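J.: I would like to see how this sequence folds:
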Amino acid sequence: MANFITISKTQTGKALETCITQILENPKIFVFGEFLQLTNYKALGPSNKFLATLNLFAFDDYQTYIKNKANYIPLTEKMAKKLKMISIADMADIARQNLQKSEIIGQKSALNYDDLMK
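T.: The predicted structure follows:
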């Protein structure tokens, strides 16, 4: 993650958007706040779909993406899987209960539980 932060500090425009794509696809990065605090990220502006997608991963869930796809970049398979995993973790944290497989799938109908377990 430190490498991405260092690289991100010097990027703007399309190069920064490429960094965001790489961050969202990276299977080891699940914390996004440090990126969102960087001045050049903020400079992309609230209407930038790459910044909106980074905020989606930081603060929202997969269902938000499904309901508002036009506001975000198209998710790659890796990104979609990661956002689904974040969504499940957020549900578990909020509920603070032992979720059953059927409950998870029932709430996240687009989720394929078996694909996430690979």
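J.: which residues of the protein fall in helices?
T.: In the chain, the helices defined using DSSP state H lie at 2-8, 13-25, 33-36, 39-42, 49-59, 62-67, 77-95, 101-107, 113-116.
J.: what residue is smack in the middle of the chain?
T.: Nearest to the geometric centre of the chain sits residue 57, at 2.6 Å (CA atoms, centre = their mean).
J.: Go ahead and confirm that residue touches residue 80.
T.: No. Contact criterion CB atoms under 8 Å: residue 57 and residue 80 do not qualify, at 11.0 Å. Any C-beta I mention is one placed from the backbone N, CA and C, and that applies to glycine too.
J.: check contacts around residue 21.
T.: By CB atoms under 8 Å, 6 or more residues apart in numbering, the contact list for residue 21 reads 50, 73.
J.: Starting from residue 90, give me the distance back to it.
T.: For residue 21, the distance to residue 90 equals 22 Å [CB to CB, to the nearest Å].
J.: Return the residues in contact with the residue nearest to residue 22 when sequence neighbours are not counted.
T.: Setting aside the residues directly before and after it, residue 22 is nearest to residue 4 in space (CB to CB, 6 or more residues apart in numbering), at 7.1 Å. By CB under 8 Å, 6+ apart, residue 4 lies in contact with 19, 22-23, 26, 29, 35.
J.: Can you give me the pLDDT of residue 4?
T.: Here, the pLDDT recorded for residue 4 equals 85.
J.: Common neighbours of residue 57 and residue 80, please.
T.: Residues touching both residue 57 and residue 80 (CB under 8 Å, 6+ apart): there are none.
J.: What about residue 34, how many residues nearby?
T.: 14 (other CB atoms under 10 Å).
J.: that older thread, from the contacts of residue 4, list the buried ones, please.
T.: 19, 23, 29, 35 (16 or more other CB atoms under 10 Å).
J.: Farthest-apart pair in those residues, please.
T.: 19 and 29 (11.2 Å; CB to CB).
J.: separation between the nearest residue to residue 43 once chain neighbours are set aside and residue 24?
T.: Ranked by CB to CB, 6+ apart and with sequence neighbours excluded, the top spatial neighbour of residue 43 is residue 12, at 7.1 Å. To residue 24, residue 12 is 18 Å away according to CB to CB.
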